[in-house]
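Visitor: Fold the following for me, if possible:
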Amino acid sequence: MAKSPAKTLVLTFIAPDRPGLVEQLSEAVSSAGGNWLESRMARLAEKFAGITRVEIAGDRADALTDVLSALEADGFSLTIETAAAEILPEGPVFNLDLLGPDQPGIVRDISRCLSERGVSVEEMETDLRRAPMGGDMLFQARARVRLPNGLSAADLGQALEDLAGALMVDLTLRQEDTPAHN
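Guide: So this is what the prediction gives:
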């Protein structure tokens, strides 16, 4: 009997935070014959949320969906999507770091600046923290972005520098070190 071609599924989930959530989800994937490939997870307020990429034999995908759907009785809210074959993106990768006084619209303004130039946000993490002096709230963002071919880092850097001045935040853009491929 021929082996069923593998399917890649992307799972997003959120549940009330409690010990054992990741174990419960990973056990469900494993018990259905899936292979956990990668994930990003975080506790936000009283919730625990994540996104996970799983590979499973095509003829086992429905069984995995059934097992995962059963987790909803334990408080999980799940979305399961089939992913197409991965296409490796082109263009240089940069890390963007921002720190400044918290104010509404920072993410909107930065993401608009990036989008207008065709820059793709590959990862982003934001948080609030107290300033060391005075106790005001500081907004911090870290992002991994991919520039489209044809956009220079200098042009993007100038646009971001202009925006950082208007927002009164510190912003740095630096090219990511690319790991060597074997």
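
Visitor: So which residues of the chain form strands?
Guide: Taking DSSP state E to define them, one finds strands in the chain at 6-16, 35-44, 47-57, 77-83, 93-101, 120-130, 137-146, 170-175.

Visitor: of all those strands, which lies closest to Val22?
Guide: In terms of Cβ to Cβ, the element of the strands of the chain nearest to Val22 is strand 35-44, at 6.8 Å. Backbone N, C-alpha and C define where each C-beta goes, glycine included.

Visitor: Parallel or antiparallel, which strands does that closest one pair with?
Guide: strand 47-57 (antiparallel) (DSSP bridges).

Visitor: And the average pLDDT for the strand it pairs with is what?
Guide: Model confidence over strand 47-57, given as mean pLDDT, is 96.

Visitor: which parts of it are buried?
Guide: Phe48, Ala49, Gly50, Thr52, Arg53, Val54, Ile56, Ala57 (16 or more other Cβ atoms under 10 Å).

Visitor: which residues does the first one form a beta bridge with?
Guide: The one in question is Phe48. Applying DSSP bridges, one finds that Phe48 bridges with Ala15, Arg43.

Visitor: My understanding was that it contacts Asp17; is that so?
Guide: Yes: between Phe48 and Asp17 there is a contact at 4.2 Å, judged by Cβ atoms under 8 Å.

Visitor: one step back: will you turn the strands of the chain into JSON lines that also has distance to Leu163?
Guide: Supplementary listing: the strands of the chain in JSON lines, determined by distance: least, Cβ to Cβ, whole Å:
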{"stretch": "strand 6-16", "distance to Leu163": "30"}
{"stretch": "strand 35-44", "distance to Leu163": "26"}
{"stretch": "strand 47-57", "distance to Leu163": "28"}
{"stretch": "strand 77-83", "distance to Leu163": "33"}
{"stretch": "strand 93-101", "distance to Leu163": "10"}
{"stretch": "strand 120-130", "distance to Leu163": "15"}
{"stretch": "strand 137-146", "distance to Leu163": "12"}
{"stretch": "strand 170-175", "distance to Leu163": "7"}
